[in-house]
Structures are given as structure tokens and as C-alpha cells.
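1. got a sequence here, can you model it:
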Amino acid sequence: MSKKEFWLRLILYILFGGLIPFIFLVWRFNLFGKVSSISIGGWGIVAIIFIAIFFAKLFKAVREGLPYSIWTQILDGIVKVIIPLVAVAISVYLFKDLMMQIFQFLMVVIICELIAIPVNPIPKWANSNKIEQENNSTKKLLESLGIIKKEEEKK
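-> Next comes the predicted model:
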């Protein structure tokens, strides 16, 4: 995948995976309308949770391209366990009287995700980086065993 294709697909992924659903929430529920004081209502919290989950997914995909360490394991656990549990707990409490609005939002998210999933460039990028990393490790191993010549010796 070329850099241009990667960045184009990443922009489309962010647009359909995060920005359009967030804009729908802002538009449908007038989240940031003019008020006399700063207040975040239930839908403002939903928007914050939605964006947090979107970025958690984004960081999880990037994390898949990183080598293992205790910090990546902790990051993986936070993304896979803690963030979803917090989002569900808050959502269940706030959504008890808003079923029709939740349904509308979920329909917009489903449609946007149908577009965002195939254009997401990060899984391919992570896979390519792992392959390159494995090839480099295998090459170093074979060089150290003397099976193949080192780059400096070839010149």
C-alpha cells in the first residue's frame, strides 16, 4: 500500500468511523447549542463515550503493529476490557428513557461502520510491519548462523 493510499484510507476511516456519527449526534440532539452556562447533558456524554471508543479502537489497531512489552499488554487490556465496561455502565444508566434516539444513532453508526471497515488501512499496515519485522529477524538469524552473507560482506 502506498503512503498516499494509506493516508487517504485513514482519512476516510476517521471520517466514516468517527466524525460522521459524532456530527449526527451533535446535529440530532443540538449538543453544543447556546446555553447560559456550560453543561453536558446525557447526549454530550454519549458523544464523549463514542469518541473515546473510536480512539480506543484506533489505538488498539496501532498497538497491533507494536512489539510486545508489558506496556502494550496494559494498553491492550485497557482498550479491550476497561473502556468497554465503563462505556456500558454509563450508557445503561443514562439510556433508560431514550430508546428511540439510541436506535436512530445506532442505525447511523451501523451505516457509517459498513463504509469505515473496508477502508480502514491500519490492519494492513500492522500486518505489513509485522511481516517486515519478522523478515528482518529471520534475516539477522540466518546471517548470524552464517547461512546467508551479511549486507556489509556483499559489498
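
2. which residues does the most centrally placed residue in the chain contact?
-> The centroid of the chain falls nearest to Leu58 when counting by CA atoms, centre = their mean (1.7 Å). Applying CB atoms under 8 Å, 6 or more residues apart in numbering to Leu58 gives the contacts 14, 122. C-betas here are computed from N, CA, C, even on glycine.

3. now the host helix or strand of it: mean pLDDT?
-> Leu58 belongs to helix 42-63 when elements are defined using DSSP states H and E. The average of the pLDDT scores along helix 42-63 is 75.

4. repeat for stretch 83-100
-> 72.

5. oh, and call the first residue 54 from now on, that's how I've got it
-> Got it, the first residue is 54 from now on, which makes the last one we talked about stretch 136-153.

6. for Met152, see how far away the residue nearest to the centre of the chain is.
-> Computed as CB to CB, to the nearest Å, the Leu111 to Met152 distance reads 29 Å.

7. Tyr121 too?
-> 42 Å.

8. what do you get for Trp124?
-> Counting by CB to CB, the gap from Trp124 to Met152 is 40 Å.
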